[in-house]
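J.: Sequence and computational prediction follow.
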Amino acid sequence: MKKSSGRKYDIFEEYPASSAGKKTEDVEKIMVLTGSAAGTAKVVVDKLREAGEKVGILKINLFRPFPHQEIAESLKNAKEIIVLDRAQSIGTYPPFYSEIINSLYGNGRDAKFCVSTGREIKSYIYGLGGRDIFQKQIEDVFMGKIKSKYIQ
């Protein structure tokens, strides 16, 4: 990708990044999302971390092939995983949530990356009909104030 565009794109980005480069190592609650919502979420993460919350985000830049092993490794220390999808799948789980579950509970290819734990993995749908997601909504999701599956 860098060769053709002149830009380096990682498969995913972890935020915050410490000076030691350990990124999401101290994060207890991590939000998995994609696109422009990640910029909004970074502002919220900075605010919540200043207040002592151990939160972070994992922004996915590449959906296919999905980086199962890398995602499982990145999420291994999180106690709570919050997955934001911008699409609803009728009759099944939303796309990112489905892939995250597959990453954490084994994708059938490499059992050593199966991370079967009692962690809470929450799924939310946002942005239906082209709606934006706002800082307050992301903060409410992190703090457990939104009980509905849909962020409106």
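T.: Thanks, I have it. Just so it is clear, the structure is predicted and the values come from calculations on it, not from any experiment.

J.: C-alpha only now, for contacts and for neighbours.
T.: Noted.

J.: tell me which strands and helices the longest helix belonging to the chain is in contact with?
T.: Using DSSP state H, we find that the single longest helix of the chain is helix 37-50. If contacts are counted by 3 or more CA pairs under 8 Å, 6 or more residues apart in numbering; DSSP states H and E, helix 37-50 sits against strand 55-60, helix 135-142.

J.: contact partners of the longest one?
T.: Put plainly, it is helix 135-142. 29, 31, 40-41, 43-44, 48, 55, 82, 146, 151 (CA atoms under 8 Å, 6 or more residues apart in numbering).

J.: For PyMOL, what selects the buried ones among the residues you listed?
T.: Burial among the contacts of helix 135-142 is assessed by 16 or more other CA atoms under 10 Å; the matching PyMOL selection reads:
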select buried, resi 29+31+41+44+48+55+82+146+151
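
J.: need the contacts of helix 135-142 in a markdown table with pLDDT and distance to Leu75, can you?
T.: Output for those, formatted as a markdown table (pLDDT from 0 to 100; distance: CA to CA, whole Å):
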| residue | pLDDT | distance to Leu75 |
| --- | --- | --- |
| Lys29 | 95 | 10 |
| Met31 | 97 | 10 |
| Thr40 | 96 | 21 |
| Ala41 | 97 | 17 |
| Val43 | 97 | 21 |
| Val44 | 97 | 19 |
| Leu48 | 97 | 19 |
| Val55 | 96 | 12 |
| Ile82 | 95 | 11 |
| Ile146 | 91 | 22 |
| Ile151 | 88 | 23 |
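
J.: and Gln69, how far is that from Leu75?
T.: In this view, Gln69 and Leu75 are 10 Å apart by CA to CA, to the nearest Å.

J.: Neighbour count for these two, which is higher?
T.: Using other CA atoms under 10 Å as the criterion, Gln69 and Leu75 rank with Leu75 on top: 25 against 18.
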